[in-house]
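In: I would like to see how this sequence folds:
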Amino acid sequence: MEASVVGSGLVLAMYALIIPMAHRIFEERVRDLKSMIVEFENLKSKITPESNDKEMNKLNNLRLEIKEVTGFPFILGVGVVITFVLYFFSTMLDSTWLISASPAEGLDLVLTLVFWLATISFLFLGLGAISNISVFMKKEFEETTKKQKEIGSNPTFK
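Out: Just a heads-up that it's a prediction; the model follows:
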């Protein structure tokens, strides 16, 4: 029961850590979206009835990427809810041992399954959050190094 409660708390804590960075993460997604739309329009203008499957597949893949970027990240929305609900359900199943001296037949198997599903979904939730944050941090780092180079090449600062 403690592990399930702690797992629920970890889900909420991870979400709370992401919230302050959300604005910058979404700004980065908007920049990516703008460049994808430009690429899509350029590729679309080159498509003719004689275009090969490779060009059409590239256009379709780009369309799917644009669709993915325009929506709220699945892992940060539905992924968080699923993980939290699984941990909560696991906690509720655990509490049956507090109420009843002899829990229902097979409850321990169901409880173990729900707890492992919650833990595995928490793994994917964590990996997705790390992925979103690391993409943002990498671009932030690149912008910072670019500014450092600009300042370093400016003779008035030497």
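
In: Tell me which other helices or strands the longest helix seen in the chain touches.
Out: Counting residues, the longest helix in the chain under DSSP state H turns out to be helix 107-153. Helices and strands touching helix 107-153, by 3 or more C-beta pairs under 8 Å, 6 or more residues apart in numbering; DSSP states H and E, are helix 2-18, helix 22-46, helix 78-99. Just so you know, the C-beta spots here come from the backbone N, C-alpha and C atoms, and that holds for glycine as well.

In: buried stuff in stretch 135-155?
Out: Buried positions in stretch 135-155, judged by neighbour count with 16 or more other C-beta atoms under 10 Å: 136, 139.

In: Check the spacing between Ile66 and Glu39 real quick.
Out: 9 Å (C-beta to C-beta, to the nearest Å).

In: Point out where the protein drops to low pLDDT.
Out: For the chain, applying pLDDT under 70 flags the ranges 1, 95-104, 152-158.

In: what separates Ser45 from Gly79, distance-wise?
Out: Distance from Ser45 to Gly79, counting by C-beta to C-beta: 37 Å.

In: more crowded one of the two?
Out: Counted by other C-beta atoms under 10 Å, Ser45 and Gly79 do not tie: Gly79 has more neighbours, with 20 against 8.

In: Could you find the closest non-adjacent residue to that one?
Out: Leaving aside its chain neighbours, Gly79 sits nearest to Leu125 (4.8 Å; criterion: C-beta to C-beta, 6 or more residues apart in numbering).
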